[in-house]
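Colleague: next input, structure requested:
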Amino acid sequence: MPSRQDEQESTVADLDRDIVELSHTIALNPKNANSYRERGLRYGRKHDYDKAISDFDKALSLSPNDARAHYFRGLAWAPTKRSEPGNRRLRQGNRI
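Modeller: This is a model prediction of the structure:
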């Protein structure tokens, strides 16, 4: 049975692989808001909140009414100790 550490390392490796694949997808189609949002989610799961926020910003610049991108961007702000912008984004995502 795999240990908890093995599972965590596997998860990080999976996230890294997903980020590489999504980066390739973005290079091929830089106007795909979903790819930026999905890559932002992976960065958030790795606790790389600045990169996550940047990807959510890009997704929202391409698709301003993407409620999920607003919501996830708000969540990414919370651990950065800059929660007020995050709170506004969460509320905006709930309104869409």
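
Colleague: only C-alpha atoms for contact and neighbour calcs from this point on.
Modeller: Will do.

Colleague: give me the below-cutoff pLDDT ranges for the chain.
Modeller: The model of the chain has pLDDT under 70 over residues 1-10, 81-96.

Colleague: try it again with 50
Modeller: For the chain, the stretches flagged by pLDDT under 50 are 1-3, 6.

Colleague: contacts only, for the residue most central in space within it.
Modeller: Centrality entry for the chain: nearest residue to the mean C-alpha point is G40, 2.0 Å, by CA atoms, centre = their mean. With contact set as CA atoms under 8 Å, 6 or more residues apart in numbering, G40 has these partners: K51, A52, I53, S54, D55, F56.

Colleague: who wins on neighbours among these?
Modeller: Neighbour tally across those (other CA atoms under 10 Å): the maximum, 30 neighbours, falls on F56.

Colleague: mind listing what that residue touches?
Modeller: F56 neighbours (CA under 8 Å, 6+ apart): Y36, R37, G40, A69, H70, F72, R73.

Colleague: right, and the fifth one touches K58 too?
Modeller: No - between H70 and K58 there is no contact, the gap being 11.1 Å when judged by CA atoms under 8 Å.

Colleague: how far off centre is stretch 59-70?
Modeller: Remark: stretch 59-70 is offset 12 Å from the chain centroid, using CA atoms, centre = their mean, to the nearest Å.

Colleague: buried residues in that stretch?
Modeller: Judged by neighbour count using 16 or more other CA atoms under 10 Å, the buried positions of stretch 59-70 are A59, L60, L62, D66, A67, R68, A69, H70.

Colleague: can you give me the first-to-last residue distance of that stretch?
Modeller: With CA to CA, to the nearest Å as the measure, stretch 59-70 spans 9 Å from end to end.

Colleague: and for stretch 22-33?
Modeller: Start-to-end span of stretch 22-33 (CA to CA) is 11 Å.

Colleague: quick one: contacts of that stretch?
Modeller: By CA under 8 Å, 6+ apart, stretch 22-33 touches S35, Y36, E38, R39, K58, A59, L60, L62, S63.

Colleague: sweet, I'm off.
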